[in-house]
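Trainee: Sequence first, predicted model second:
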Protein chains: 2
Amino acid sequence: MKLLEDRILSDGEVIGGKILKVSNFLNHQIDVAFLDQLADEWVKRFSSKKITKILTIESSGIAIACSLGRKLNVPVLFAKKHQSSNVNEDVYSAKVYSFTHDQYYNVVVSKKYLSKNDSVLLSDDFLANGNALKGLIEICHQAGACVAGAACAIEKGFQNGGDELRKSGLQVESLAIIDKMDSSGITFRKE
Amino acid sequence: MKLLEDRILSDGEVIGGKILKVSNFLNHQIDVAFLDQLADEWVKRFSSKKITKILTIESSGIAIACSLGRKLNVPVLFAKKHQSSNVNEDVYSAKVYSFTHDQYYNVVVSKKYLSKNDSVLLSDDFLANGNALKGLIEICHQAGACVAGAACAIEKGFQNGGDELRKSGLQVESLAIIDKMDSSGITFRKE
């Protein structure tokens, strides 16, 4: 999506070849009107799917998920991160490995808010190795819910998460896929 | 605000007299259209103030802040929590004590996104002892920014945070103030 690619080129900052900082519009400071435009695009791309709920992980996914929930008129649910593995029986939980922090954490969702009647659109700001999404998928499976797809803003195409999930049959819609980035620039995958 | 009080009475759950769970519409599952209605009320109450930015703390404040940012057409900024006290010189930071978790954490905001030209509306889902808001106020002071007020959904009026902040001169607008709660019911403060 050109809108997002242009914004990444104008406002993003590549640090050390692997980190892309987009904290002035996506995950620290948030340009809400801009996220609403991204949500319009996702709504189009998932128009053939039934969606009853948006599921994301705290914290950076919440703003995007709210834009999506508003457009689709469905509730938003955000999984909470717990470092402790003491989770109780009232929640679905999955273990997720974070490359950024080099540690495992648990993501939990109350059993009250996800069921076999749900058709869930996952969403997040970034997709790299796909570990966060895989955790959310595991939670949906525990609930017996259907996973309708995944809406991600920026995908690091040079890591394997997105392509792996697509191969598994999931509809993954990343609005900007970066195939290469370094100090000299950013190369986006052709749509 | 009757709308929020009614929702708390129908969907909230009081646990042990001090904890109010509203996780089915406010801070786990999110009813976005409902938050938009709360935002309309805050926009009215702060109509006399100039606001250039919404500032909240991850994670539960983000959804509310996005509804406010959309209505007011200003950027949203969320302070990040760090357990470590190793914060670098690129950020404003404040130490906040959490009663819920009985520990201190640091909240940080990049210096890039807050300046003396900003007039900031703080927002959060809950206001109890006011420690989170005080941390955000400290960060605004570090930036030289003006604090226009605080928009909170639910205030625990039987704790002293809200009244203390009002006494200091801050316009605090909580849409439901609980003066008493226990297993027998919830008493709201008269508006």
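Mentor: That came in fine, so what should we check first?
Trainee: Kindly indicate whether A:A79 is helix, strand or coil.
Mentor: strand (DSSP: H, G, I helix; E, B strand; the rest coil).
Trainee: so A:N27 touches A:E58, yeah?
Mentor: No. With contact defined as CB atoms under 8 Å, A:N27 and A:E58 do not form a contacting pair (11.6 Å). C-beta: built from backbone N, CA, C; applies to glycine.
Trainee: who has more neighbours, those two?
Mentor: A:N27 (22 against 18; other CB atoms under 10 Å in any protein chain shown).
Trainee: what about the more buried one, distance to chain B?
Mentor: Using CB to the nearest CB, to the nearest Å, we find A:N27 at a distance of 9 Å from chain B.
Trainee: pLDDT score for that residue?
Mentor: Looking at A:N27, its pLDDT stands at 94.
Trainee: Let me see the contact set for it.
Mentor: A:S60, A:D125, A:F126 (CB atoms under 8 Å, 6 or more residues apart in numbering or on different chains).
Trainee: can I assume it sits in a strand?
Mentor: No. Looking at A:N27 with three-state DSSP, it is coil, so not inside a strand.
Trainee: Give me the number of neighbouring residues for the closest residue to A:F25 other than its chain neighbours.
Mentor: Excluding the flanking residues, the one nearest A:F25 by CB to CB, 6 or more residues apart in numbering or on different chains is A:D31, at 4.1 Å. Neighbour count for A:D31, taken as other CB under 10 Å: 18.
Trainee: Next, find the distance separating the spatially most central residue of chain A from chain B.
Mentor: With distances taken as CA atoms, centre = their mean, A:D124 lies nearest the centre of chain A, 1.8 Å away. Plainly put, A:D124 is 14 Å away from chain B if you go by CB to the nearest CB.
Trainee: Could you list the low-pLDDT ranges of chain A?
Mentor: For chain A, the stretches flagged by pLDDT under 70 are A:85-86.
Trainee: how does it look with 90?
Mentor: Where chain A drops to pLDDT under 90, the residues are A:16-18, A:82-89, A:98-103, A:183-184, A:191.
Trainee: Could you pull out the helices in it for me?
Mentor: A:2-11, A:32-45, A:62-72, A:131-143, A:161-167 (DSSP state H).
Trainee: Among those helices, show me which one is buried the most.
Mentor: Of the helices of chain A, the one with the most neighbours on average (mean count of other CB atoms under 10 Å in any protein chain shown) is helix A:62-72, at a mean of 26.
Trainee: helices or strands next to that one in the packing?
Mentor: Packing partners of helix A:62-72 (3 or more CB pairs under 8 Å, 6 or more residues apart in numbering or on different chains; DSSP states H and E): helix A:32-45, strand A:53-57, strand A:76-82, strand A:119-127, strand A:146-156, strand B:29-30, helix B:32-45, helix B:62-72.
Trainee: The ones you listed: which one's closest to B:F99?
Mentor: Judged by CB to CB, the one of these that comes nearest to B:F99 is strand A:76-82, at 18.3 Å.
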